[in-house]
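A.B. asks: A predicted structure for the sequence below; I have some questions about it.
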Protein chains: 2
Amino acid sequence: MPDVTASTVQHNLSQAELGAQTRERLLDAAERLFAEQGFAATSVRDITAAASSNIAAVNYHFGGKHNLYNAVFRRRMAAMREQRIASIRQARGESGTLEAVLQAFATAFLQPLVDRGSGRLLVELITREMLDPQLPRELFLAEVVGPVNEVLAEAIIAATPGLPPGPARLCVISIVGQLLQVAHRLRRGELSAGWGAELPPLPEMVDQIVRFSAAGVRACARGAR
Amino acid sequence: MPDVTASTVQHNLSQAELGAQTRERLLDAAERLFAEQGFAATSVRDITAAASSNIAAVNYHFGGKHNLYNAVFRRRMAAMREQRIASIRQARGESGTLEAVLQAFATAFLQPLVDRGSGRLLVELITREMLDPQLPRELFLAEVVGPVNEVLAEAIIAATPGLPPGPARLCVISIVGQLLQVAHRLRRGELSAGWGAELPPLPEMVDQIVRFSAAGVRACARGAR
DNA sequence: TTCCATATCAAACGAGCGTTTTATACGTTG
DNA sequence: CAACGTATAAAACGCTCGTTTGATATGGAA
């Protein structure tokens, strides 16, 4: 990567285009740093240095560090939500079994964490935001968590005869809790489970959660009858 | 509460006794504030103000903010671990069913969060530490998480014929993940589950997790055979 | 009593933070 | 061309942070 700074890029751009370019560099740098270190631990100086722009650029273009954080999320939230919902819906449409739905969701949830690439940053941002919220509470919940959980709950209900909506939503909490816990351990880079044992590779991890959760969901359906 | 400051307490104490008293006030104040706001968001000035002592007291008595945090944990970790282990062992000894073990652990895990009192602070500290570790990694894991998880895994194995140790430990991760997720939502004071639904009262929450997890554990035992 | 270790205190230090100011360069527009 | 608005730049502002300093009081030991 040639480390192109703002002063070395092509000079035949309009000012507006240059501004937009700076804005994107700031968003990219902020996304990476917020994901890697969290909101509080990332300074505006870190971001502007990584984006090869001036310290004042964050306040000029976004009106403050917090607004920049919001903008980082706003840029990705829609795609994030749609990708997760699509993967649930696809599994529901194809075979429609409970296991297939759970497997699709768990994989969509955890896979980007293991892959290298930009998807990983996104998931790290999400898990950080869920564990230590910085956004206006309603924003992330309403835009991503709520809709995705709702679609997952519907898919689980459809795949599980006799499961009422209430218990289904509690099951979703149980499932998301497991996934966040695993995601958290993966994110911390500790393949050790923290007490001697090691975390197995992802597919086995997903299988474990699918088996565990499918049985849990069905037990809730029986219990609620 | 009469808001007793250091200068108003009895003057017939030795200097060493006065120092120990200050140290305890600092530990109490730090425990409360760290639990309520987290490590980074709590300043030394907050703590010393709450403890009615001087700013320099933290560095004088503990050698820094971080060492104070460690001391807060060190004071409680042993009791914490023993209480959880005892509650698992008791359930294992009494009826010994999988459901009883899970119920005992889930209750021991979540009950202090709902209760008023000092136990609540402790659990808040733990969950914060698990989600965003500030301690030397090995300390908390080795002192609390590891032993408790190990005892829980053993109890689950004993209650579940045919469950090998490996899957049992993964089940423990699944169970702890669910509990942390619920604890996190309880801690944030959001009775709303974040997407419309509300969290039911604790006993039903525990029942849900017990039913869900017992079925999950048994499914793992069948799957591993 | 004299000395010393301990504990407390107000004050300040130095660093980092998010943000603001002021000035400059430059494409766009009248 | 001249005037304007936009983008960037360096510097500084005001604040909070964890920590350190140096002075002061005080109970116990020589």
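C.D. replies: Arrived safely.

A.B. asks: A:G93: neighbouring residues, count only.
C.D. replies: When neighbours are defined as other C-beta atoms under 10 Å in any protein chain shown, A:G93 has 10 of them. To be clear about C-beta, it is placed using only N, CA and C from the backbone, and glycine gets the same treatment.

A.B. asks: Enumerate every residue touching the residue nearest the centre of chain A.
C.D. replies: The centroid of chain A falls nearest to A:V123 when counting by C-alpha atoms, centre = their mean (3.2 Å). By C-beta atoms under 8 Å, 6 or more residues apart in numbering or on different chains, the residues touching A:V123 are A:F109, A:P112, A:L113, A:A183.

A.B. asks: Closest to A:V58 out of these?
C.D. replies: The closest of those to A:V58 turns out to be A:P112 (C-beta to C-beta; 26.8 Å).

A.B. asks: shouldn't the closest one be in contact with A:R120?
C.D. replies: Yes - in this structure, A:P112 is within contact of A:R120 by C-beta atoms under 8 Å, at 5.5 Å.

A.B. asks: neighbour count winner among the two?
C.D. replies: Using other C-beta under 10 Å, the more surrounded residue of A:P112 and A:R120 is A:P112, with 21 against 17.

A.B. asks: Could you verify that that one is part of a helix?
C.D. replies: Yes - applying DSSP: H, G, I helix; E, B strand; the rest coil, one finds A:P112 inside a helix.

A.B. asks: distance of the closest residue to it other than its chain neighbours from A:L27?
C.D. replies: Nearest-residue entry for A:P112: A:G119, 3.5 Å, with adjacent residues in sequence omitted and distances by C-beta to C-beta, 6 or more residues apart in numbering or on different chains. Using C-beta to C-beta, to the nearest Å, one gets 16 Å for the distance from A:G119 to A:L27.

A.B. asks: between the two, who's got more neighbours?
C.D. replies: Per other C-beta under 10 Å, whichever of A:G119 and A:L27 has more neighbours is A:L27, with 20 against 16.

A.B. asks: buried stuff in the helix or strand where the residue nearest to A:P112 lies?
C.D. replies: Secondary structure from DSSP states H and E places A:G119 in helix A:118-131. The neighbour-count check on helix A:118-131 (16 or more other C-beta atoms under 10 Å in any protein chain shown) flags A:119-131 as buried.

A.B. asks: Can you check which helix is longest in chain A?
C.D. replies: Longest helix in chain A, counting residues (DSSP state H): helix A:65-94.

A.B. asks: Are that one and DNA strand C in contact anywhere?
C.D. replies: Yes - contact of helix A:65-94 with DNA strand C (C-beta under 7 Å from any atom of the strand) involves A:K65, A:H66.

A.B. asks: can you give me the helices in chain A?
C.D. replies: When secondary structure is read from DSSP H, chain A shows helices at A:15-37, A:44-50, A:57-62, A:65-94, A:98-114, A:118-131, A:137-140, A:146-159, A:165-187, A:202-224.

A.B. asks: what pLDDT, on average, does the helix holding A:G119 get?
C.D. replies: What helix A:118-131 shows for mean pLDDT is 80.

A.B. asks: buried sites along the longest helix of chain A?
C.D. replies: Neighbour-count burial for helix A:65-94 flags A:65, A:68-73, A:76-77, A:80-81, A:84-85, A:87-88, A:91-92 (criterion: 16+ other C-beta under 10 Å).
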